[in-house]
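*Asks:* Next one to model:
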Amino acid sequence: MADQYHVDLSALEDTIRKLNGILKDLGGTQSDARYKTTLSPNALGAGSTGVNFVEAQELHDAHTKMKDAIESIVDHLHDVTNEFGTKTKKVHGNYQNQEAETAANMSGSN
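*Replies:* Purely as a prediction, here's the structure:
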């Protein structure tokens, strides 16, 4: 006798819904990382009138490097989550189609 299995389509739908929520949150995070963490080169004292903070350029460079790294990480998380969501939607659709086809075959309407 063949083993039986069942795919819980509602669990897949729940996963898709949760992934869409994560993507929405990541969209805000992407925007924040890109636009709300900018630091002008003069913010730490470099080039300000009468002020010459020696470490200002180093700090600005370190900030820029970290900002770029965070943007890259958030972009990667967004891409991976989006890809997983797309594949989950495809799997859900395939199983849904298979269930409909099986039901039609069993009822003799195919």
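*Asks:* Find the residue closest to the most centrally placed residue in the chain in space, skipping its chain neighbours.
*Replies:* The centre of the chain sits closest to H78, judged by C-alpha atoms, centre = their mean, with a distance of 2.2 Å. The shortest distance from H78 to any non-neighbouring residue, by C-beta to C-beta, 6 or more residues apart in numbering, is to L26 (4.6 Å). Every residue, glycine included, has its C-beta placed from N, CA and C.
*Asks:* can you give me the helices for this structure?
*Replies:* Here the chain has its helices, by DSSP state H, at 9-35, 56-107.
*Asks:* now those as a markdown table including distance to G45 and mean pLDDT?
*Replies:* Shown next, in a markdown table, are the helices of the chain (distance: least, C-beta to C-beta, whole Å; pLDDT from 0 to 100):
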| stretch | distance to G45 | mean pLDDT |
| --- | --- | --- |
| helix 9-35 | 23 | 92 |
| helix 56-107 | 5 | 92 |
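*Asks:* And these: which comes nearest N42?
*Replies:* helix 56-107 (8.2 Å; C-beta to C-beta).
*Asks:* returning to that earlier point: the residue nearest to H78: neighbouring residues, count only.
*Replies:* Other residues lying near L26 total 19 when counted by other C-beta atoms under 10 Å.
*Asks:* Turn the helices of the chain into CSV, columns for distance to L44.
*Replies:* What follows is these, written out as CSV (distance: least, C-beta to C-beta, whole Å):
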stretch, distance to L44
helix 9-35, 19
helix 56-107, 4
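*Asks:* Thanks a lot, see you next time.
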